[in-house]
Each structure stands twice: as structure tokens, then as C-alpha cells.
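>>> What shape does this take:
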Amino acid sequence: DVTEIVKAFYEETPFPNYDGFDSRESLAAKARRGVFASLLDRQIPDGALVLEAGCGTGQLSNFLGMSWRRRVFAGDLCMNSLRLAKGFADRHEIRNVAFMQFNLFRPPFEDESFDVVISNGVLHHTGDCEAAFGSILAKLKPGGHILIGLYNRWGRLPTLWKRRAFRAFGPKLYFLDPRLRDWSRESARIKAWFMDQYRHPHETRHSMDEVLGWFDRHG
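Model (predicted):
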């Protein structure tokens, strides 16, 4: 069962973890340096109800929940990840975010409930990527926006090549990934990145044409 395998994996290795974030300000500064979170923060309409399906340790949802202009619901299968997410929100008084455990194929919300649905780096770890897409899409209001991030069929190849190299030669080749060059620091974030990218038990890869086909079939 893919769901149980992936859940067990992230219970042991929550991703991406919170090393290096000791305040609201440090998390917000990192988010604003990235294009994706920064644009979301500026472009989500005032008063929007936002769903992040597959939030992991909740960094994006905690960042978006810092604003009084929106409400964010964030869900994940992994309780260990959700504890980290809610713990950060509670410690730093982030009020406009709520975390809950749920399965992507059975979201506990009425259809057409949300103005924005986000699922970044999640659907390709399910047993049926298009079905998972349809499940969360059903929760979107007419005229709303859904944003999904998936492994690209061709863009993922360099990571798969490095995965094979790392299995064969170990840490001596970790310099091939800039994030692993400080491997000796024993950082939880570095270890979480390594496990997510190079030891994950299940992933699929997709093309732009394939995903555009999902949008067509689901209207």
C-alpha cells in the first residue's frame, strides 16, 4: 500500500523540518527569498480560504498564515510532521493557520470550499497521481486557483543519476548536491533533504502535456 509506505517514511524523516528557523521572522525571510512563496503571498486575494494538501512540516502554511488577510488549512498524513508544524505555529503565535491529519483521497471538507488549493511536491508520492489531483480539485470553488508541483519526467533525471551514484559510492560524492556539502554538520534539514530526494520509497514523474490533460479531463 503506497499510502502506508509513504506515511511510515515521513513519520521517521519529517520533511523539510525546522532547523535554522528560530522565529517568525527567520521563516518569513527565507520564504520571501524564494519566488514561489513570495509570489503566493502577494497574489492570494484578500479574504481567501486556502488549503495546502500535503503540507509536510508546514513551513509554507505557517508563512501564509502569518497574514491576517487569509485563513489557511493545512493537512498531511504524517503526525510527526504535523506536530512540528503546529508546534512552530503555537510557539510563534501564528493564528491564521490550522493543521490536521487527512488522506489526500478523502479530504474532510465539503466540495467547492476553498479559493486556493496548493499541493507542492506531494501528488507524485501517491499511488494514483491524477486521482489525487481530482480529489483535491473537487474542494476548489468555481473560479478558484489550484497550484500543483510535480517531478518532471525529464527534469528529474539528474537527481535519479545522483541517487545511483550515491548508492554506489556513498558520501564521497555528496558534493554533487550543493545542499549536501555540509553533510558533516549532522543537520536535521540536510538529512531530511537527502532522504526525501535520494531514499524515497515511491515517486512518479510526469510531463507538462500529461498534466494539462488532467486539467482538460477535470474541466
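
>>> nearest spatial neighbour of His125, skipping sequence neighbours?
Closest residue to His125 in three dimensions, ignoring its sequence neighbours and counting by C-beta to C-beta, 6 or more residues apart in numbering: Val6, at 5.1 Å. All C-beta atoms are positioned from the backbone trio N, CA, C, and that covers glycine.

>>> contact partners of the helix or strand where that neighbour lies?
When elements are assigned from DSSP states H and E, Val6 belongs to helix 2-12. The set of residues that contact helix 2-12 without belonging to it, under C-beta atoms under 8 Å, 6 or more residues apart in numbering, is 56, 76-81, 103, 105, 125-127, 195, 200-202.

>>> For it, buried residues please.
Val6, Lys7, Phe9, Tyr10 (16 or more other C-beta atoms under 10 Å).

>>> Over to stretch 108-122?
Residues Phe109, Ser113, Phe114, Asp115, Val116, Val117, Ile118, Ser119, Asn120, Gly121, Val122 are the ones in stretch 108-122 that count as buried (16+ other C-beta under 10 Å).

>>> Not counting residues beside it along the chain, what's closest to the last one?
Taking C-beta to C-beta, 6+ apart as the measure, Val122 lies nearest to Gly54, with 3.1 Å between them; neighbours along the chain are not counted.

>>> can you tell me which of the buried residues of stretch 108-122 are in helices?
Using DSSP state H, no member of the buried residues of stretch 108-122 sits in helices.

>>> now, which of those sits nearest Pro171?
Proximity to Pro171 was ranked across these by C-beta to C-beta; first place goes to Gly121, at 24.8 Å.

>>> What is the neighbour count of Arg164?
When neighbours are counted by other C-beta atoms under 10 Å, Arg164 registers 10.

>>> Which secondary structure element is home to it?
Under DSSP H and E, the secondary-structure element containing Arg164 is helix 157-169.

>>> List the buried residues in that helix.
For helix 157-169, using 16+ other C-beta under 10 Å, the buried residues are Lys162, Phe166.

>>> Check the offset of that helix from the chain's centre.
For helix 157-169, the distance from its own C-alpha centre to the chain's C-alpha centre is 23 Å (C-alpha atoms, centre = their mean, to the nearest Å).

>>> Give me the distance between the worst-scoring helix or strand of the chain on mean pLDDT and the centre of its chain.
Across the helices and strands of the chain, the lowest-confidence element by mean pLDDT, DSSP states H and E is helix 188-198, at a mean of 90. On the basis of C-alpha atoms, centre = their mean, helix 188-198 is displaced by 14 Å from the centre of the chain it belongs to.

>>> returning to that earlier point: right, and the helix or strand after the helix holding Val6?
Later in the chain than helix 2-12, the nearest helix or strand by DSSP H and E is helix 24-33.
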